[in-house]
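attaching a predicted model along with its sequence, questions to come.
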Amino acid sequence: MIQLEKVTKKYLRHKAVNQCTATLEAGKIIGLIGENGSGKTTILKLLAGLLRPTNGRVLIDSKQVNRSISDRLAYLTDMDYFYPYFTIKELIDFYHSQFKDFDKKKAMDMAAFMKLNVKQKIRYLSKGNLSRVKIAVTLSRNVPYIVLDEPFSGLDPLVRKSIINGIIKFMNLESQTLIVTTHELREVEPILDEVLLLKDGRIIAQKSVDQIRDDYRMDVVDWMEQVYETTK
Ligand SMILES: Nc1ncnc2c1ncn2[C@@H]1O[C@H](COP(=O)(O)OP(=O)(O)OP(=O)(O)O)[C@@H](O)[C@H]1O
């Protein structure tokens, strides 16, 4: 379980995350949704122990997060950080050598599922295939928490679909919690259990997708638009 307790993160005087309180249950797929600059990446970095809150506490499984959380949390950034001269296979071997929890077979299976040629060098991959590789190596870590920062940005609908299918097929929903930030709510919505809406560093809503459909009898995207319109 993830707990944010009145978390504020300031960059100089700017509050990127402002007094956020939320509890995220384990074993779910949670979408962190918000406009550019609303604080999504900052929250993920706080979860990953890459940033410390200016105020408040971030707890994962009742322990305050620090850098050692990387043993239990896999973080996919929106940055390109791969070794361009590796082939995909070499990258998978490298991950295997770096992470005790890395499931090499799963990574190879996932690469095959997403129709990647593992002999190809990273530097020659298309943006779509590079994104598939990143997802494959991140999801192949057997850790209880996986956070993905904008895994679909700049990708065409077909690539987005294949990545979503890869997540559905290879994530272990019994033992893993996935937190994903995205602008592409409409496409990701079918796999989400819960949605957290951010605006100007504040959490303005947190609802389960079933609750939105059953209680509000609304499409999740329509609900989101309504919440944004009515929240100053
Ligand atoms: N290192 C930094 N130094 C100063 N300001 C920062 C820094 N990182 C982020 N910010 C600011 O904090 C706010 C929140 O940024 P953050 O990257 O968390 O938002 P985001 O919702 O992920 O945005 P995007 O969708 O554009 O990636 C923005 O106003 C951003 O300009």
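Alright, I've got the coordinates.

doesn't Gln19 fall inside a helix?
No. Gln19: not assigned to a helix; according to DSSP: H, G, I helix; E, B strand; the rest coil it is strand.

quick one: contacts for it?
Residues near Gln19 by C-beta atoms under 8 Å, 6 or more residues apart in numbering: Lys6, Val7, Thr8, Gly56, Arg202. Every residue, glycine included, has its C-beta placed from N, CA and C.

okay, now the third one: neighbour count?
Residue neighbour count, defined by other C-beta atoms under 10 Å, stands at 15 for Thr8.

circling back: buried members of the contacts of Gln19 into PyMOL, please.
This is how PyMOL selects the buried members of the contacts of Gln19, with burial counted by 16 or more other C-beta atoms under 10 Å:
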select buried, resi 7+56+202
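
ok, the contacts of Gln19 vs Leu46, which is closest?
Top of the list for closeness to Leu46, among the contacts of Gln19 and by C-beta to C-beta, is Val7 at 6.5 Å.

the residue nearest the centre of the chain sits in which helix or strand?
Note on the chain: the residue nearest the mean C-alpha position is Leu148, at 2.3 Å, using C-alpha atoms, centre = their mean. Following DSSP states H and E, the helix or strand that holds Leu148 is strand 145-149.

strands of the protein, start to end?
Across the chain, reading from the start of the chain, the strands by DSSP state E fall at 2-11, 14-24, 29-34, 55-60, 63-64, 73-76, 145-149, 177-182, 194-199, 202-208.
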